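**Student:** With the sequence up front, the predicted model follows.
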Amino acid sequence: MTKKYEIIFKYIKDLSVEIPNAETFVFSREYITKYILGININTNLIKNEMIEVITKINYKDPSDNKRKSYFEISYATIIKVKDKSLDKQNLEKLILVDVQNDIYPELEKIFLETIKNSGFPDLKLEKKVNFEELYQKRFN
């Protein structure tokens, strides 16, 4: 099966690590495993039938605690759709599942390395993201 799209470019659009002070850092190191991973995907049409897919990941403390660290990356992928016959739903699935499955391993590695290099060397994301499952949940 041939791919219905081609990845033209991938780049980090924005990267943020927020650790307000030493007290927050010490507290965050203790509670980082309770943080929650969030994912948001947006698109922008650009010229020559290309689409910018922006995958934003954040890792944050879900509690009302005031001593929080915050981590976020916006990763842009420029794709060119090869299959001109795709309807809206299939194009959406291509962006939300296929493209994400292609880019996510590299994106996760960059994101985890950033967090580790920010002083959290033991952090591991135990749960793998299943983009097919997330896509299906949107319609149920």
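**Tutor:** That came through fine. What you are looking at is a predicted structure, and each value in this text was computed from that prediction instead of being measured.
**Student:** May I have the beta-bridge partners of the closest residue to residue 40 other than its chain neighbours?
**Tutor:** Excluding the flanking residues, the one nearest residue 40 by CB to CB, 6 or more residues apart in numbering is residue 56, at 4.6 Å. For every residue, glycine as well, the C-beta is placed using N, CA and C. Bridge pairing for residue 56 (DSSP bridges) gives the partners residue 40, residue 74.
**Student:** Kindly report the same for residue 7.
**Tutor:** With DSSP bridges as the rule, residue 7 is bridged to residue 79.
**Student:** What's the per-residue pLDDT of it here?
**Tutor:** Here the pLDDT value assigned to residue 7 is 96.
**Student:** How about the contacts made by it?
**Tutor:** Shown in contact with residue 7 (CB atoms under 8 Å, 6 or more residues apart in numbering): 77-79, 99, 102-103.
**Student:** Among these, give me the pair with the biggest separation.
**Tutor:** In those, two members sit farther apart than any others by CB to CB. They are 78 and 102, at 12.7 Å.
**Student:** hang on, the earlier thing: please tell me how far the residue nearest to residue 40 sits from residue 4.
**Tutor:** 24 Å (CB to CB, to the nearest Å).
**Student:** Leaving out sequence neighbours, find the closest residue to residue 83.
**Tutor:** Here the residue nearest residue 83, using CB to CB, 6+ apart, is residue 4, at 4.0 Å.
**Student:** Let me know whether the one you found touches residue 81 as I believe.
**Tutor:** Yes - between residue 4 and residue 81 there is a contact at 6.6 Å, judged by CB atoms under 8 Å.
**Student:** Alright, calling it a day.
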